[in-house]
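Participant: I'll drop the sequence and a predicted model, then ask my questions.
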Amino acid sequence: MPANLTPEYFKAEQWYREASTNDEKILAMERMLAVIPKHKGTDHMRADLRRKLSKLKEAGTQKSAARHVDVFHVKRSGAGQISLIGAPNSGKSSIVGALTNAKVNIADFPFATGAPVPGMMKYEDIQIQLVDTPPITADFVSPGQVGTYRNCDLIVLVIDLLQDVEEQMSVLMDFLESRRLLIDRDNPATDDSGNLLGRKVFCVCTKSDIAENSAFEKVQELLKGRFDCIKVCTRSADDIDRLGKRLFEKLEIIRVYSKPPGKKVDMKDPFTLPVGSTVLDLARAIHKELADKLRNARIWGMGVYDGQNCQQTHILNDKDVVELHFG
Ligand SMILES: Nc1nc2c(ncn2[C@@H]2O[C@H](COP(=O)(O)OP(=O)(O)OP(=O)(O)O)[C@@H](O)[C@H]2O)c(=O)[nH]1
Ligand SMILES: [Mg+2]
């Protein structure tokens with residue numbers, strides 16, 4: 001009996017083929033099993049997939065002596081990690097080069113970048129990590145590249161306004177969707193440990209200095225408000241400043257300055273926490289065990305009067321100064 005495999009299945013199979021880590025292979029194979037048509041013609045295939053999946057899971061629990069270096073796993077640094085995705089020549093390296101000190105290769109030919117290149121962007125008093133990546137096309141994705149996106153906090157979709165925007169959007173969205181890198185609020189995909197597979201996405205359109213405005217309008221139309229989108233010229237200092245600020249906002253983090261009771265606040269080295277974090281979350285970030293002894297806090301900042309006494313559940317704002325009191 002024919003297996004009648006679907007395009008969705010083939011995409012999951014491609015995800016499996018290009019996965020370089022055991023965890024990513026497990027995710028892809030689970031997806032293959034979830035979307036494979038279930039009838040007599042696929043009985044053998046499904047049994048085979050289940051066998052391979054349990055082998056992968058077994059291998060995942062054993063400590064492997066021979067560790068291979070995965071160039072697509074970029075060690076996190078700073079207050080957040082942002083990875084770029086885009087077509088060849090779309091301006092990814094130009095963005096990372098303009099915002100960070102990374103030694104990127106900017107070139108007027110496609111496939112100039114062959115491996116991820118991280119760099120640090122200074123935003124006011126914190127550092128944010130940006131990761132330049134090789135391009136993605138309909139026919140080519142570097143093996144292991146999916147891992148770079150799985151590891152980050154925010155994916156920046158780079159769209160070149162001089163190339164066919166519909167084609168770029170379709171290739172990139174297809175990649176993100178089929179690897180479960182998009183957040184589905186109604187049905188959030190997670191791994192076995194409950195970690196979310198989807199990532200936040202922000203869209204940056206390049207070459208606004210020479211492109212027609214209609215290209216940007218087309219991108220907005222295609223996005224249908226799904227993600228925010230801005231257009232930039234990567235050679236304009238004003239645009240680059242504006243982009244840095246938007247990237248910080250899109251990470252959805254706050255900076256909080258801890259002040260020891262009776263002492264001056266150190267405004268140099270803030271803690272960074274997700275938006276929505278409470279006084280208790282801050283205490284946990286500072287010291288897990290001390291957090292149990294947290295009594296209350298005094299806060300200077302937005303929405304409170306200076307030195308206001310606040311409970312553990314009080315939600316902090318960006319740039320709050322917090323004095324924690326332990327009992
Ligand atoms: N006019 C103009 N040119 C740009 C802009 N951004 C990038 N470029 C040019 O576009 C070309 C490609 O830029 P890169 O940053 O190397 O593109 P990439 O996406 O890293 O390319 P790959 O590594 O091959 O995927 C270079 O010649 C850049 O100078 C822009 O905003 N305006
Ligand atoms: Mg590049």
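Facilitator: Okay, I see it. Ligands and ions are numbered 1, 2, ... in the order given.

Participant: remind me which residues of this structure are low pLDDT?
Facilitator: 1, 61-68 (pLDDT under 70).

Participant: near ligand 1, which residues of it?
Facilitator: Proximity of the chain to ligand 1, by Cβ under 6 Å from any ligand atom, involves residues 86, 88-94, 106-108, 110-113, 135, 206-207, 209-210, 233-235. All C-beta atoms are positioned from the backbone trio N, CA, C, and that covers glycine.

Participant: For D192, which three-state class applies?
Facilitator: On the three-state scheme (DSSP: H, G, I helix; E, B strand; the rest coil), D192 is labelled coil.

Participant: who's in contact with it?
Facilitator: For D192, the contacting residues are I26, by Cβ atoms under 8 Å, 6 or more residues apart in numbering.

Participant: Weed out the non-buried ones from the residues of the chain next to ligand 1.
Facilitator: 86, 88-94, 106, 112-113, 135, 206-207, 233-234 (16 or more other Cβ atoms under 10 Å).

Participant: ok, which of the residues you listed also contact ligand 2?
Facilitator: 92-93, 112-113 (Cβ under 5 Å from the ion).

Participant: Cross the residues you listed against strands and list the overlap.
Facilitator: Using DSSP state E, no member of those falls in strands.

Participant: Who are the packing partners of the helix or strand that M120 is a member of?
Facilitator: Using DSSP states H and E, M120 sits within strand 117-123. Applying 3 or more Cβ pairs under 8 Å, 6 or more residues apart in numbering; DSSP states H and E, one finds that strand 117-123 contacts helix 92-99, strand 126-132, helix 237-251.

Participant: got the contact list for it?
Facilitator: Under Cβ under 8 Å, 6+ apart, the answer for strand 117-123 is 74-75, 77-78, 93, 96-97, 99-104, 127-132, 244-245, 247-248.

Participant: Check which residues of that strand are buried.
Facilitator: 117-121, 123.

Participant: out of those, who's nearest ligand 1?
Facilitator: Set against ligand 1, the nearest of those by Cβ to the nearest ligand atom is V117 (9.6 Å).

Participant: From ligand 1, how far off is the residue lying closest to P261 once chain neighbours are set aside?
Facilitator: Among residues not flanking P261 along the chain, E323 sits closest, at 5.5 Å (Cβ to Cβ, 6 or more residues apart in numbering). Applying Cβ to the nearest ligand atom, to the nearest Å, the value for E323 to ligand 1 is 46 Å.

Participant: where along this structure do the helices fall?
Facilitator: Remark: helices assigned in the chain by DSSP state H are 7-18, 22-35, 43-61, 92-99, 145-150, 165-178, 213-223, 237-251, 279-286.

Participant: Can you lay out those as TSV showing distance to G262?
Facilitator: Shown next, in TSV, are the helices of the chain (distance: least, Cβ to Cβ, whole Å):
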stretch	distance to G262
helix 7-18	56
helix 22-35	47
helix 43-61	50
helix 92-99	40
helix 145-150	45
helix 165-178	50
helix 213-223	51
helix 237-251	32
helix 279-286	17
